[in-house]
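A.B. asks: no sequence on this one, just coordinates:
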Ligand code: IMP
Ligand code: ZN
């Protein structure tokens with residue numbers, strides 16, 4: 001499997017969370033504030049409050065190093081062979097963590113996992129947080145460019161995420177255009193909530209290389225046409241949308257709309273920690289809900305390779321591996 005949409009701080013498992021909390025007894029975080037259990041739902045706004053709580057628990061560079069290594073190992077254990085992780089660089093005055101030292105810690109975690117020779121390739125996208133505004137967005141892109149040069153192909157792109165009710169897409173056009181110019185690939189959360197046609201159209205004009213969620217794209221014929229014309233792949237996260245209540249039920253998930261149209265889609269987790277899931281479960285849920293055959297599931301996973309941000313050499317190697325694995329998976 002390939003995981004292309006995973007936010008680091010949303011992907012922390014309950015085991016890792018327990019270890020982190022044990023180191024910070026003063027924090028007093030009530031149960032259920034970092035994970036939404038099976039069958040439970042929250043409003044999207046509450047999900048974003050959960051991220052703020054998680055950020056208090058991961059406030060030091062050593063926390064970031066630990067969660068990065070744990071998250072990569074957990075994806076590998078789930079059978080993910082290629083992972084694009086994303087995260088928002090963060091300053092924490094109380095601990096002296098800076099955006100730069102934050103990114104250094106993530107990239108060190110990825111490097112250490114490489115040395116462990118896990119069966120997984122990892123790339124990284126630097127997240128621009130909508131809530132932080134245009135000036136921070138430009139600083140973040142500048143940092144992404146610095147690390148793109150110093151990490152030899154690990155930093156491959158930029159993500160636009162954060163609370164979709166905060167800010168406006170136009171605030172980020174300049175920063176995202178600069179990222180593109182520097183050769184960074186763009187994955188943008190778009191139309192995660194209703195009535196965002198104007199902003200989505202503006203951002204689609206960049207154009208992005210992939211779209212996160214796109215939950216409400218299909219309520220506008222014009223937007224659907226634009227996305228179809230560019231054949232922009234959609235990163236779809238079923239459990240995330242169900243638990244965050246932007247999708248009423250799995251059979252009404254927009255996976256069905258785009259899949260039936262033969263438009264490129266990639267199944268992802270979004271936040272496997274917060275939403276208590278993993279990529280195998282997401283594939284299973286899509287297969288059960290939309291009655292996909294084993295062959296169709298294999299094809300979904302195979303075609304995801306076309307949409308990764310790594311080099312064509314990596315794509316070719318993954319495709320060969322996937323072909324070799326095919327008989328055992330069907
Ligand atoms: P981090 O970037 O590693 O700190 O991961 C958590 C952050 O990812 C959150 O604070 C949000 O900015 C972003 N995020 C996680 N899930 C979503 C989502 O579903 N929509 C938009 N942003 C998200
Ligand atoms: Zn996301």
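C.D. replies: Cool, the structure landed. Computed from a prediction, not measured in an experiment: that's the story for all the values here. Ligands and ions are numbered 1, 2, ... in the order given.

A.B. asks: okay, now the unreliable bits of the stretch 101-250 of the chain?
C.D. replies: Applying pLDDT under 70 to the stretch 101-250 of the chain picks out no residues at all.

A.B. asks: just the strands in it please.
C.D. replies: 121-129, 155-161, 185-190, 210-213, 234-236 (DSSP state E, counting those that start in this stretch).

A.B. asks: can you lay out those strands as TSV showing distance to residue 328?
C.D. replies: C-betas here are computed from N, CA, C, even on glycine. Output for these, formatted as TSV (distance: least, C-beta to C-beta, whole Å):
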stretch	distance to residue 328
strand 121-129	20
strand 155-161	29
strand 185-190	31
strand 210-213	29
strand 234-236	26
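
A.B. asks: quick check: which of these is nearest to ligand 1?
C.D. replies: Among these, strand 155-161 comes nearest to ligand 1, with 3.5 Å by C-beta to the nearest ligand atom.

A.B. asks: which elements pack onto that closest one?
C.D. replies: Where contact means 3 or more C-beta pairs under 8 Å, 6 or more residues apart in numbering; DSSP states H and E, strand 155-161 is packed against strand 82-87, strand 121-129, helix 133-150, helix 173-181, strand 185-190.

A.B. asks: ok, it: who's next to it in the sheet?
C.D. replies: strand 121-129 (parallel), strand 185-190 (parallel) (DSSP bridges).

A.B. asks: about what we covered before: let's have the helices and strands packed on strand 155-161 in TSV, adding mean neighbour count and distance to residue 289.
C.D. replies: Shown next, in TSV, are the helices and strands packed on strand 155-161 (neighbours: other C-beta atoms under 10 Å; distance: least, C-beta to C-beta, whole Å):
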stretch	mean neighbour count	distance to residue 289
strand 82-87	24	24
strand 121-129	24	28
helix 133-150	17	36
helix 173-181	17	33
strand 185-190	24	22
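
A.B. asks: nearest to ligand 2, out of those?
C.D. replies: Ranking those by their distance to ligand 2 (criterion: C-beta to the ion) puts strand 185-190 first, at 5.6 Å.

A.B. asks: tell me the gap between that closest one and the middle of its chain.
C.D. replies: For strand 185-190, the distance between its averaged C-alpha position and the chain's averaged C-alpha position is 10 Å (C-alpha atoms, centre = their mean, to the nearest Å).

A.B. asks: tabulate the helices and strands packed on strand 155-161 (JSON lines), appending distance to residue 66.
C.D. replies: Formatted as JSON lines, the entries for those read as follows, by distance: least, C-beta to C-beta, whole Å:
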{"stretch": "strand 82-87", "distance to residue 66": "14"}
{"stretch": "strand 121-129", "distance to residue 66": "16"}
{"stretch": "helix 133-150", "distance to residue 66": "20"}
{"stretch": "helix 173-181", "distance to residue 66": "28"}
{"stretch": "strand 185-190", "distance to residue 66": "25"}
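
A.B. asks: could the ones you listed go into TSV alongside distance to ligand 1?
C.D. replies: Supplementary listing: these in TSV, determined by distance: least, C-beta to the nearest ligand atom, whole Å:
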stretch	distance to ligand 1
strand 82-87	3
strand 121-129	5
helix 133-150	11
helix 173-181	15
strand 185-190	5
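
A.B. asks: and the ones you listed: which comes nearest residue 220?
C.D. replies: strand 185-190 (11.3 Å; C-beta to C-beta).

A.B. asks: for ligand 2, what's the nearest residue on the stretch 201-330 of the chain?
C.D. replies: Using C-beta to the ion, residue 270 is the residue of the stretch 201-330 of the chain that sits closest to ligand 2, at 4.5 Å.

A.B. asks: contacting residues for that residue?
C.D. replies: With contacts taken as C-beta atoms under 8 Å, 6 or more residues apart in numbering, residue 270 has the following neighbours: 5, 6, 7, 10, 237, 239, 240.
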